[in-house]
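Enquirer: What follows is a predicted structure for the sequence shown.
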There are 4 protein chains.
Amino acid sequence: MCRWLAYSGTPLLLEKILYEPKHSLIDQSLHSRLGVETTNGDGFGIGWYAPDTGVDTPAIMRDVGPAWNNRNLREISQHVVSPLLFAHIRASTGTAVQQTNCHPFRRGRWMWMHNGAISGFHQMRRQLSMAVDPTLYLDIEGTTDSETMFFLALTYGLEDDPPGAVARMVGTVERIGHEHGVAAPMQMTVAVTDGSTVWAFRYASEGTARTLFYSTRVESLRALHPDAAFLQEVSDDTRLVVSEPLGDLPGAWNEVPNDSYGLVRGSTGELHPFAPQPL
Amino acid sequence: MCRWLAYSGTPLLLEKILYEPKHSLIDQSLHSRLGVETTNGDGFGIGWYAPDTGVDTPAIMRDVGPAWNNRNLREISQHVVSPLLFAHIRASTGTAVQQTNCHPFRRGRWMWMHNGAISGFHQMRRQLSMAVDPTLYLDIEGTTDSETMFFLALTYGLEDDPPGAVARMVGTVERIGHEHGVAAPMQMTVAVTDGSTVWAFRYASEGTARTLFYSTRVESLRALHPDAAFLQEVSDDTRLVVSEPLGDLPGAWNEVPNDSYGLVRGSTGELHPFAPQPL
Amino acid sequence: MCRWLAYSGTPLLLEKILYEPKHSLIDQSLHSRLGVETTNGDGFGIGWYAPDTGVDTPAIMRDVGPAWNNRNLREISQHVVSPLLFAHIRASTGTAVQQTNCHPFRRGRWMWMHNGAISGFHQMRRQLSMAVDPTLYLDIEGTTDSETMFFLALTYGLEDDPPGAVARMVGTVERIGHEHGVAAPMQMTVAVTDGSTVWAFRYASEGTARTLFYSTRVESLRALHPDAAFLQEVSDDTRLVVSEPLGDLPGAWNEVPNDSYGLVRGSTGELHPFAPQPL
Amino acid sequence: MCRWLAYSGTPLLLEKILYEPKHSLIDQSLHSRLGVETTNGDGFGIGWYAPDTGVDTPAIMRDVGPAWNNRNLREISQHVVSPLLFAHIRASTGTAVQQTNCHPFRRGRWMWMHNGAISGFHQMRRQLSMAVDPTLYLDIEGTTDSETMFFLALTYGLEDDPPGAVARMVGTVERIGHEHGVAAPMQMTVAVTDGSTVWAFRYASEGTARTLFYSTRVESLRALHPDAAFLQEVSDDTRLVVSEPLGDLPGAWNEVPNDSYGLVRGSTGELHPFAPQPL
């Protein structure tokens, strides 16, 4: 079932984002409160950009064990600084526990994470895979619905128009789902980034989608909590989008509405409605 | 923190013991009800005897990932039959997550499992290790209190007199603990076997020890539950000792009292008081 | 690049087959002599039948580390007896190192192993996957050419006519390969079994195929080597098919010719020519 | 048996040091030329300093699989820049393959790597462990001779006087070895650093020690090879100490003599004789 977080803003030691919060993502790997499962121990992954190195693409570190006991994850976190971090902890919805089934997935500068599932994905897998661009298909490495969704979005122009591509992807999944007798195929929160902008989607074919929250603007939070030292250390740009809040600071977290997507780019933060686009 | 089970009786496919019960040990790795932690995902291990092969020693299979998603464990369970099985799921109390820190531990025909901890073990580790017989010391492979307890018990004659050796081991741990200012060092349930007899201990220096239960005699259970098919398939000899009950069958589970040990050998089942023996 | 062995005959402790020979498969994981790579450390797998358990399907144990240092493999080998064993050590030809990419692959009672590669497989993967029966496709778990070959053979009737199905599979691979401008796509030795019969294929689109040997009939070997104790312990039925000889016993090993397949069933041992069947 | 490298100088993307050389350490994990074993696939580790993060201690990343197929190692290497790197690939000399038995070992700012072995270590382990300072002993996590050597050196003042501490450590190992009837206990190359200086030792109780080389001064190399672009990118300070040369550039590599140690600090490079100091 999974939980994830996306961070954008002041370059920080990853440990501050991943380990230090009161209800950190690492804590959620063991004690998730709002997820379908309390434990998310079927693998994890992080992806971060390292602009100081001159390297464009994000680094990805994924492994099959639980996040809570992984020493290398702790080590990297304590020694790497980044202005943009994706992090994900996995609870498998049926597919194999392996590195290639852990998020984030990456292509070039782009990263992708997903919480949720495509109902009936096993039956639909072939047809969905066939809808992926034939050249892109060759690079699919795992068997998750999440990765297939990513490759479908890439097929539909993710690199040019992420919201449109994701809308077309969901439209396709729903259409094929209906053909297979699945009334409500899609359950998702999705995060995608190109290293500058972070897009976060919350949608379910029916009912409530998996939980998703964004952090309040830092300036507003400083006004609310003048004594909070952490808020003095980060720029106004700094923003988190998370499956569940990392702590209890009053006023810090806002639910992303169902059927919408958010966008964070520098100091810009926007919310827009989201609807699938059948093709 | 850990949970474990010991099975003795009719040779069964391990899967029947490990996976099929309503609240199986595999289920407990994800959702323990009576343990200190609900999740026990820092490794697992099983040990079983294979008398049909002509091999005396038990086989041990241990791994660092969670039990709930381990395919090899599932495979072995579905294809191995044994009359005596030890199985353990681990929640680390501080030491490294590695194969050599997973239970059961083995020496010759003997196997050992532990749930609990020695308070202040880190500070006491050198002194406790020094109390281990110098030749035995060379074979210590990990860093857990559990393994050190095993090697101390071996030092104190486990292979000749298990209850006495365990009593002497606890006496030593408490003495050394007190020297280090730890008032109540020992918290344990322990299972040990030589392939014929299973001994199970429940003791805490102070207060309640970790939970431990034994199954009611099969004949009595058959009388209580004449419709339960499973009970027809197993001999009167069959017995389980478990950290927490594997199901809800009324009358099936009995708490092992604090400060006692049980013994199962064939159709013999005994309960005795247990007290540490300071040396 | 890989090496494998298939054993059929007297039920033996797996250790005798896997570890004890002078140039065992375990030794070959570190020091292969006739393989393309000397090291085969990108994973391993074994599959064996356990008729005494009443379970029909073979057990599979696969892992991503090297075989030479895997303790669980050693343990299983020392405590499991089987009349039919498949064992494989992997040197990846490009695809991910993960459990689902290790051999043997299994479906129902059937197991499959491969040494070699499909040239240009990455480019051909989509088209080959599309040739797999749509229902079977859903169960493909990895990304190897080996697994796709298995599923194509299943599509072409492996469970009814293994030699014919494999011939049709190779025919399809060569046809699609030629469409992609690959003149000589197939390089293979393949082992497949249903638990009673073992079929072993050796074929290359062009030139010499990967090495493959079968053991001489036990009766003949006993005549050649009357002092060899091991030969007294095994039945006349006993047969090995191997990527490279497990030892130096004169007269023990015979090369399987290029473009042929062998069949072992009880005391029956046959060699037949093999040619692809384009569809 | 192991191979290692130590890099000090211009901050470089780790990939340039670990993967790009013609006979890189990654290549050596599969095809070592001068090591006791050609394969070093029983784990690996890297340690690097990240001064730009403001964090003093080095990051350590260790894992039990082979280096040649580890994706996370590749990822980190492609996205991390450091002025000082330790890297090690392991061939076990008998102890368990586990993360805590991989090098480099670290304590505070200090890192330690070893190639070689203490003959008869298994028999000597208890006595050597007892010679470690009682408080330091508590932090020993593994079972290698290498780690015990590190903790002995720490006991003998490594943080104040590395060459003296290592000399006292070797003296102790030899003394205890002789007590156990081992005539020539020590076989070693060792690298140790505090983040500023790198010390490298080459010593064997008897005969030739494991191979060890240092790179020629960059200025001299530039004069020898004016067309080599790589040499223009690195400062005069840049220095490598390696188990075996990373390439064939004439004049680039110099053997560290037996019974000596080297020291690299900024532009300073020194060679000194080394002899054990019995205590």
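Expert: Structure's in. What do you need?

Enquirer: residue boundaries of the strands in chain A?
Expert: All strands of chain A, identified by DSSP state E, fall at A:3-13, A:44-48, A:59-63, A:81-89, A:105-107, A:110-118, A:186-193, A:197-204, A:213-215, A:239-242, A:253-255, A:260-265, A:268-273.

Enquirer: I figured residue A:56 hits residue A:196, correct?
Expert: No: taking contacts as C-beta atoms under 8 Å, residue A:56 lies outside contact range of residue A:196: 11.1 Å. Just so you know, the C-beta spots here come from the backbone N, C-alpha and C atoms, and that holds for glycine as well.

Enquirer: Go through the strands of chain A and pick out the most buried.
Expert: Counting by mean count of other C-beta atoms under 10 Å in any protein chain shown, strand A:44-48 has the highest mean neighbour count of these, with a mean of 28.

Enquirer: Identify all contacting residues around stretch A:92-103.
Expert: If you take C-beta atoms under 8 Å, 6 or more residues apart in numbering or on different chains as the criterion, stretch A:92-103 is touched by A:1-2, A:4, A:42-45, A:62-64, A:86, A:88, A:90, A:112-114, A:117, A:121-122, A:141-147, B:65, B:69, C:96, C:98-100, C:141, C:143, D:71.

Enquirer: Close to chain D: what parts of the stretch 1-150 of chain A are there?
Expert: A:13, A:48, A:50, A:52-53, A:55, A:57-63, A:71-72, A:75-76, A:78-81, A:99 (C-beta under 8 Å from any C-beta of the partner chain).

Enquirer: Try it again at 6 Å.
Expert: Residues of the stretch 1-150 of chain A lying close to chain D by C-beta under 6 Å from any C-beta of the partner chain are A:50, A:53, A:55, A:59, A:60, A:61, A:72, A:75, A:79, A:81.

Enquirer: how about these in TSV, adding pLDDT?
Expert: Listed next are these as TSV, based on pLDDT from 0 to 100:
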residue	pLDDT
A:50	93
A:53	91
A:55	94
A:59	98
A:60	98
A:61	98
A:72	98
A:75	97
A:79	97
A:81	96
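
Enquirer: now, among these, which is nearest to chain B?
Expert: For the residues of the stretch 1-150 of chain A next to chain D, the minimum distance to chain B (C-beta to the nearest C-beta) is 11.9 Å, reached by residue A:72.

Enquirer: With adjacent residues omitted, what lies nearest to the closest one?
Expert: Closest residue to residue A:72 apart from its sequence neighbours, by C-beta to C-beta, 6 or more residues apart in numbering or on different chains: residue D:61 at 5.0 Å.

Enquirer: Which residues are in contact with residue A:246?
Expert: For residue A:246, the contacting residues are A:21, A:23, by C-beta atoms under 6 Å, 6 or more residues apart in numbering or on different chains.

Enquirer: Next, work out how far apart it and residue A:6 are.
Expert: Distance of residue A:246 to residue A:6, given as C-beta to C-beta, to the nearest Å: 12 Å.

Enquirer: Could you do residue A:102 as well?
Expert: Separation of residue A:102 from residue A:6 (C-beta to C-beta) stands at 16 Å.

Enquirer: Repeat that for residue A:24.
Expert: Residue A:24 is 14 Å from residue A:6, by C-beta to C-beta.

Enquirer: same check, this time on residue A:139
Expert: Computed as C-beta to C-beta, the residue A:139 to residue A:6 distance reads 23 Å.

Enquirer: and what of residue A:176?
Expert: 28 Å.

Enquirer: so where do the helices sit in the stretch 1-150 of chain A?
Expert: Here the stretch 1-150 of chain A has its helices, by DSSP state H, counting those that start in this stretch, at A:14-18, A:25-31, A:71-79, A:121-131, A:134-137, A:145-155.

Enquirer: So which of those is the most surrounded?
Expert: Burial of the helices of the stretch 1-150 of chain A is given as mean neighbour count (mean count of other C-beta under 10 Å); helix A:145-155 ranks first at a mean of 24.

Enquirer: and that one, what does it pack onto?
Expert: strand A:110-118, helix A:134-137, helix A:162-179 (3 or more C-beta pairs under 6 Å, 6 or more residues apart in numbering or on different chains; DSSP states H and E).

Enquirer: same thing but 7 Å
Expert: On a contact count with 3 or more C-beta pairs under 7 Å, 6 or more residues apart in numbering or on different chains; DSSP states H and E, helix A:145-155 meets strand A:105-107, strand A:110-118, helix A:121-131, helix A:134-137, helix A:162-179.

Enquirer: How about the backbone phi and psi for residue A:57?
Expert: Geometry field for residue A:57 lists phi and psi as phi -80, psi 150, criterion degrees, to the nearest 10.

Enquirer: residues contacting the closest residue in space to it that isn't next to it in sequence?
Expert: Excluding its sequence neighbours, the residue lying closest to residue A:57 (C-beta to C-beta, 6+ apart) is residue A:109, at 5.8 Å. Residue A:109 makes contacts with A:56, A:57, A:194, A:195, as judged by C-beta atoms under 7 Å, 6 or more residues apart in numbering or on different chains.

Enquirer: Confirm for me that the second one is in contact with residue A:108.
Expert: When you say that, I think you mean residue A:57. Yes: between residue A:57 and residue A:108 there is a contact under C-beta atoms under 7 Å: 6.4 Å.
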